[in-house]
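Asks: Provided below for reference: sequence and predicted model.
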Amino acid sequence: MSDTRTLLRPPQQPVRPQAGRGNGSRAGQRNGRPGSAESRPVRIEPSRAGQAAVSPLLFLLIVLPVGGLAPLLSGTGWWWNTALVVALVLGVALIVRLLPLPVVVAPIAALVAWAITVTVMFAPGSALFGLLPTLGTLDAIRSGLADAGESIAIQSVPADPVQPIVLLLALTVGLLAVLADALVFGLRMPALAGLVPVSILIVPYTVRQQDFDVVLFAVLAGTYLLLLFAAARFGIGLRLRETASIRSGWNGGRAVLSGGLVVLLACFLPGVTPGLTPGSFRTPLSAQLPSVYSSGVDPSIQLSQDLRRTNPVLSLTYTTTSASGLYLKLVNLSDFTTGPWQPEQTGDAAPLAAGFAPPDGLSADVATQPVTSDVSVTGLRSDWLPVPYPETAVTGLNGDWTVSPGSLTVTGDSTNTTGQNYTVSSLLVQPTVDQLASAGSSVPDALQSYLRLPRSISPIIRNTALEVTNGAASAYDKAVALQSYFTSGAFEYSVSAPVEGHYDGGNFAAVATFLSAKSGYCIHFASAMAVMARTLGIPARIAIGYHPGGAGTRTSDDLTTFQVYSDQLHAWPELWFDGVGWLAFEPTPGLGLTPPDYSLPNYTAAAAAAPLRDAAGSSAAPTTPRAAPQLDSGDVAVTDPQVQAAQQGTAWLIAAGIILLVILLALLPATWRRLRRRRRLAGMLTDARPASLGWQEVRDSARDYRFELSEGETARGFALRLAALYHMPADAIEELLAALEREQFAPPGAVGGGADAAPGGALPPDEVERRSRLVADVQAIIHSLSAQASTADDRRAALLPVSLLDRSLLNRSLLNRSLLDRSGR
Amino acid sequence: MTDRATTRAAESRSASRADPQQLGEIDEFGRLSAAILANLQKVINGKEEIATLSLIVLLAEGHLLVEDVPGVGKTTLAKALARSVGCSVSRIQFTPDLLPSDVTGVSIYNQHEREFEFKPGAIFSNIVIADEINRASPKTQSALLECMEERQVSIDGQTYFLEPPFSVVATQNPIEMEGTYALPEAQRDRFMMRVSMGYPDARAELAMLHNREQQSPLDQIDAVVTRHELQRMIETARSVFVSPAVEQYAVNIAQATRRDPDIRLGVSPRATLHLVRAAKVAAALDGREFVLPDDIDALVVPVLAHRLLLTRRSLSDNRVGGAAAHDEVLHRIVANTPVPLVAARMA
C-alpha cells in the first residue's frame, strides 16, 4: 500500500507543515499531519463574507476619528472628501481581494487607487488621460502640501478648510487607509487597526488640548471591538490551530462583554476622578514650557485655556521702579473684519536695534514718568515679548527681535521668550482731565484701520454703545461711560459661561451673544468694549498680555518685585485719543483689578497733577497704593456659587443624558430580538417552510437561555434534550419536530402543503389551522423555557440575547463547515 | 414521548399530502418487520438492537459480519434470521482445510451422461451462514467474498447467478484468538455492517438456561415472511426518499473520516453507499418514507467502524483501545459534522 512509508514513520517525528491545504490529495494531507497537532500554525484563508463585513468597520474606524478634527476645521466638506478617498481605497482593496489574485496585488491596487483618487481630486490638470499621475502631479501635490503647511501656520482654530488642507487630509488619511488595509487583511493583524484612530486623534487633542469627546471615544472603541470580534469570527487574524475554546463560540460574546465593560469604565472613570483628566496630565510637562501664543493658534482660545488651568505656573518675574504692577502687553488684536480675530501682522516691523518709534499720538505736553523694569521669564514660551506699553527701550535680549511701529509689539524672529532676561524702559502716561477732555475726535489716516468693522455687525452692539454713551460729550467721556457700563455690576465674570453658551473666542458673534448673556471673561469684555468704541468712532484695539495681579514685594532701593502667573493672562482694550495716544482701559470686573486712574469718572486734575504715588524718591507709605487684588481669576471661577451651580447642573444633565443613552443602547438587543421573534412567528403563517422558521425561533430562544444546539446535533436529538427539561410541553415539541423533519427531508411533493401554495394565494383552511397550531407550539415552548429558567437567566435572555450574535453576522453553517475542514479535532 | 404526542404527530403526518400508496407499503413493511423481530426475540433474549441491525442488513441486501467470542449466540442469531424469512438457508462451517470449491460448487464429470455436471456449493442459497469465517484459509475466504460482491459464481467458464435475495451472515471470532486468519480490510469492506453480540446480562442468561432445557428454541421458529413478501419489503425500502441534504450529510461524514488525523485509512465510497442504503431501511422500519440525519447518525458506527484503520498513535493514546477506539473516533466525527437544515426563506 502507498501508506507504508507513513505507517513506518516514528509517531513523534515532527513533520513540516503543509502550506497549501485546499483539496489536495489524501496522501499529501496525511503527510502534512504533524506528530503533535496542537502546535502547527495553520494558515486559514478568511472567508469573503468576512472581508466584506470587516471592511466597513475598518472604514468607520478611519473616518470617524477624522470627524474628531471638526473643532479644528470649519464646515464638513473636508470630511466628505477624506471619507470618499478612504472608501475608494478600501473598496478597491476589498474587490481585488475577492478576486482570485495573489495576496500582494490588493495593497498595490489600494495604493494605485489612492494615487489616482488624489490626482483626480486635487491635480486633475496635470494627470495623464485625466487619471494617471505624472511628474507634474507630484509637483502640484508638493506645492499643495507646502501651501497647507503655510495655511496651517497662519490660520487659527477653527481653520478655514482651504484646498491645500483638504489635500493634506485626503493624502495622509488615504495613505493611512492603505496601510490599515494592508495590516488587517494583508498581514492579518487586525488588532493593529487601532493605531489608525489613535494617530488621527492625536492631532486635535494636541492642538486644542481639551478633554476628549466621550461619545466619539465610546463609538470608536465600540467599532474597534466589533472589528476585532468580526475579524476573529471570520478568521481574518492569523492564528494558530484553533483550540476547543475558540471553537465553542463563546469567546466572541465574552470579548464583547469585557470590551464593553472597559469602554464604559474608560468613559466614566475620568468623570468621577477629577485628577485624571488630560489637563492634569499635561500640567507637569507644561509647567516647564507652557506653549502660550505660538503662532497658528487662536490667542483667545489659548487665553481661555490658560485661565482655566487648575494650577497656574509662574510665567515671569520682574523688578520695577514703578510702585504698582504693570500691564505687560504681548500682542494686539486689531483686525476685526475677518472671521476669528488675528494677532496683528508684523509686516512693517523693524529690527530691535533700530530703536523704538515714539508712541503714536502722545504729545509732548502730556506728563509721563519713566519706569525701568528687569524682566526674567521663567515659564513662558511665546513669540511675543511681554512689555509694558509704551516702551522706549529693551536691552539684554538674546536672538533677533523686531518691533512693530504702531503697537510697539516686540516679536521674536525665529526665537522666543524662553529663558530671556531683559531690561525694559517704558513710560507711565499721566494725562490731565483737560488733556483728555479736549482730545480731538479727528482720526489720522494711519489709524483709520483701527476703526474698521465688518460690513454687517449685530445691531445689539451698535445700539448698546449708543445707549450707554448717551449724553457723553467727548470721546473720552464715551470711553469712560463704556468702561463703567461693564464694571457697574450688570456683568459677571465667568470662565465657563462662554463655553457652555458656545460664544467662546473673539469674533462678532461672540460679542453680540456676550452683550446679551452678560457673562464672560476678559476677552469678551475687552473685545466688546473695543468694538463698541469703534462703532462710536474711537480707534480701538485689543491688547493681550498679563494684568498686574497681586502686590509685589518691596526690595531695596525702592524697587518692587512682582511675580506673574499664567492665570494672569488677560485681555484689555486700548483706545486712542488725539494728543494722548493709546490708553489702556479695564472693563473686566471680578478680578479685583482697579481700572487706571484716568479712566475713572471721578478722575480729577488735582489727582493727576499730584504724582504722589510714583515719586521716585518719596518716602510714601510702602503699602500697596491700589486696592490689593486678592483673588486671581481661577479662584473667582471656582468660588462663584452661581457659576458652580450652573456647572453642576449642566454636568448632571450630561450625566443623565449619557445614562439615558446607555440604557437605550442596552435595550437595543432586546428590542431587536423581540422584533425578530415577532417577525418569525408572523412569517410562519406565510412562509414556505413554517416549521423551519418556528424551529429557528425555538433554537434561538433556547440559545438565549444558554441551551445550545451543537453543530453536529440533529433536530431530533435537540428536541429530546429540550423535552427532557423540566415542564416542557413534550407534545408541542414533538409536533413541531415532526413538521420540521417532514419539511426538511421528505420528498418535495409530499411536503406539508405550504410549499405548494401559490404566492399570494390563500392557503387551504386545514393548512392555516396546522400553521397556527405550529405557532402555538412555538409559543408554548418559548413560554416553558422562560418558566423553567431562573429570574436572572430570564432577564439575561431578554436583555442579552446571544442568538443575535452570530445569526446577524454570518451564515453560521458556512463558517462551521470551513472550521471543520481545517481541523479534525 | 407521551401517547398523545405520538397521536398528534401521526395526525400531522396524515394531514400532510404523502403518497397514500407508499404509506400503505410502509405500514405493511412495519407489520412484517415487527413479526420478524418478534420471532428473533424468541431465540436471542434481549439484544433488540442487534436483531434490528441484522434485519436492516438483510433488507438492504447487504452482508452481515457478527464478531464476538465463541458461545454468545452468533450462529443462533444467523439461523433464526434465516428461518424467519422463509428463504433457502445454507450453512458453511469454515475450517482451515475448507476448499473454495466447497463454497462455490464443483463440476463433476458424469460418466453416465458423458458431460460435466455442475454441483452447486453451499453459496447457492438465499441466506448463507458462514460460520467462523476467519478460520478458513485466505484462499477460501476470498472465494466467498467474491461471490458476495458479484452475486454470481463462475466455474469452468460458466457463470451461475445467485438468486435474490442473497445475503451472507458471517460470524467470526476476534482475531486475537488462536487458529484464525484475520480478514483483510479490503474484504471487511464488503460487509455492510459488523455487529458484536456481547455477553447477555444475568437475567437473559438465566432465561436462556430455562428455554433450552427441553429443546432448542430454534426449532420453534417458523417463517413469518414469505420470500415474495421479503422481496416486496426490499423494494419498499429501496423506494424510501433520501433528500439531497441528507445525501450530502452522509458524504460529509465519509469525507471527514478521510481527513481525520486519527484515522490512517478512511472509509470507501462503497461504505457511503452502504450507509445510505441501511439508513433507508432504518427509516422504513421507523415508519417513515424519508430518511433523517438521525438514521444516518445511528448507523455510522455499525456500518463504518470495521472499515477504518486508526493511526498507531490514536490507538495507543486512546484510553479504551480496540473497537471502542473506532467508535469514539466516529462519534467525534458525527458530533462535528454539521447537520443539514435548510433555512426558512426568511430567517
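Replies: Noted; the coordinates are in hand.
Asks: what does the stretch 151-300 of chain B put close to chain A?
Replies: Taking Cβ under 8 Å from any Cβ of the partner chain as the test, the list of the stretch 151-300 of chain B residues beside chain A reads B:241, B:243, B:245-246, B:256, B:258-262, B:264-266, B:289-294, B:297. C-beta coordinates here come from the backbone N, C-alpha and C atoms, glycine included.
Asks: Among those, which lie within strands?
Replies: Among those, the members falling in strands (DSSP state E) are B:264, B:265.
Asks: Residue B:46 and residue B:201 touch, don't they?
Replies: Yes. Taking Cβ atoms under 8 Å as the contact criterion, residue B:46 and residue B:201 are neighbours in contact, 6.4 Å apart.
Asks: more neighbours, those two?
Replies: Taking neighbours as other Cβ atoms under 10 Å in any protein chain shown, residue B:46 and residue B:201 compare with residue B:46 leading, 16 against 12.
Asks: Give me the nearest residue to the more buried one, chain neighbours excluded.
Replies: Closest residue in space to residue B:46, ignoring its immediate chain neighbours: residue B:204 at 4.4 Å, by Cβ to Cβ, 6 or more residues apart in numbering or on different chains.
Asks: after the helix or strand the one you found falls within, next one along is what?
Replies: In this structure, residue B:204 is located in helix B:202-211 according to DSSP states H and E. Note on helix B:202-211: by DSSP H and E, the next helix or strand toward the C-terminus is helix B:227-238.
Asks: Mind giving me the packing neighbours of that following helix?
Replies: Under the contact criterion of 3 or more Cβ pairs under 8 Å, 6 or more residues apart in numbering or on different chains; DSSP states H and E, helix B:227-238 touches helix B:20-43, helix B:48-59, helix B:269-285.
Asks: Against which helices or strands is the longest one packed?
Replies: So that's helix B:20-43. With contacts defined as 3+ Cβ pairs under 8 Å, 6+ apart, helix B:20-43 has these neighbours: helix B:48-59, helix B:74-84, helix B:227-238, helix B:269-285.
Asks: Please name whichever of the ones you listed is nearest to residue B:338.
Replies: Ranking those by distance to residue B:338, with Cβ to Cβ as the measure, places helix B:269-285 first at 17.1 Å.
Asks: could you give the mean pLDDT of that closest one?
Replies: On average, the pLDDT along helix B:269-285 is 91.
Asks: Equivalent analysis for stretch A:89-107, please.
Replies: Here the mean pLDDT over stretch A:89-107 is 84, rounded to a whole number.
Asks: Buried residues in it, which are they?
Replies: Applying a neighbour-count criterion of 16 or more other Cβ atoms under 10 Å in any protein chain shown, one finds A:89, A:90, A:92, A:93, A:94, A:96, A:97, A:106, A:107 buried in stretch A:89-107.
Asks: Quick check: the last one touching residue A:186?
Replies: Yes. Between residue A:107 and residue A:186 there is a contact at 5.3 Å, judged by Cβ under 8 Å.
Asks: Residue A:85: which of the helices and strands packed on helix B:227-238 is closest?
Replies: Shortest separation from residue A:85 across the helices and strands packed on helix B:227-238 is recorded for helix B:269-285, at 54.1 Å, computed as Cβ to Cβ.
Asks: orientation of that closest one relative to helix B:48-59 in degrees?
Replies: Note on geometry: by axes from the mean of the first three to the mean of the last three Cα atoms, to 10 degrees, helix B:269-285 and helix B:48-59 are set 110 degrees apart in direction.
Asks: Could you check how far helix B:269-285 is from the centre of its chain?
Replies: 10 Å (Cα atoms, centre = their mean, to the nearest Å).
Asks: do stretch B:282-302 as well
Replies: Computed by Cα atoms, centre = their mean, the separation of stretch B:282-302 from the middle of its chain amounts to 14 Å.
Asks: That one: which residues count as buried?
Replies: Along stretch B:282-302, the positions that meet the burial threshold by neighbour count (16+ other Cβ under 10 Å) are B:282-285, B:288-302.
Asks: Then stretch A:650-665?
Replies: If you call a residue buried by 16+ other Cβ under 10 Å, then stretch A:650-665 has these buried ones: residue A:658.
Asks: Output it as CSV, nothing but the C-alphas.
Replies: Provided in CSV are the C-alpha atoms of stretch A:650-665 (Å, rounded to 0.1, in the frame of the first residue of the first chain):
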residue,chain,number,x,y,z
THR,A,650,-25.0,71.0,33.3
ALA,A,651,-22.9,68.1,34.5
TRP,A,652,-25.9,66.4,35.8
LEU,A,653,-27.8,67.0,32.6
ILE,A,654,-24.9,65.5,30.6
ALA,A,655,-24.7,62.6,33.0
ALA,A,656,-28.4,61.9,32.8
GLY,A,657,-28.2,62.1,29.0
ILE,A,658,-25.3,59.6,28.9
ILE,A,659,-27.1,57.3,31.3
LEU,A,660,-30.3,57.5,29.1
LEU,A,661,-28.2,56.8,26.0
VAL,A,662,-26.6,53.8,27.7
ILE,A,663,-30.0,52.5,28.7
LEU,A,664,-31.3,52.9,25.3
LEU,A,665,-28.3,51.2,23.8
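Asks: For it, the averaged confidence score.
Replies: Along stretch A:650-665, the predicted confidence averages to a pLDDT of 81.
Asks: as a whole number, average confidence for stretch A:444-460?
Replies: Mean pLDDT, stretch A:444-460: 81.
Asks: and that stretch, which residues are buried?
Replies: A:447, A:450, A:451, A:457, A:458.
Asks: so which of the helices and strands packed on helix B:20-43 comes closest to residue A:356?
Replies: Scanning the helices and strands packed on helix B:20-43 with Cβ to Cβ as the criterion, the closest one proves to be helix B:269-285, at 102.4 Å.
Asks: Convert the closest one to CSV, retaining C-alpha atoms only.
Replies: Extracted in CSV, the C-alpha atoms of helix B:269-285 (Å, rounded to 0.1, in the frame of the first residue of the first chain):
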residue,chain,number,x,y,z
PRO,B,269,-17.3,5.1,-1.3
ARG,B,270,-18.9,1.7,-1.0
ALA,B,271,-19.2,2.4,2.7
THR,B,272,-21.1,5.6,1.9
LEU,B,273,-23.4,3.6,-0.4
HIS,B,274,-24.0,1.0,2.4
LEU,B,275,-24.6,3.8,4.9
VAL,B,276,-27.4,5.4,2.9
ARG,B,277,-28.9,2.0,1.9
ALA,B,278,-29.0,0.9,5.5
ALA,B,279,-30.5,4.3,6.5
LYS,B,280,-33.3,3.8,4.1
VAL,B,281,-34.3,0.6,5.7
ALA,B,282,-34.0,2.1,9.2
ALA,B,283,-36.3,4.9,8.1
ALA,B,284,-38.8,2.4,6.8
LEU,B,285,-38.6,0.4,10.0
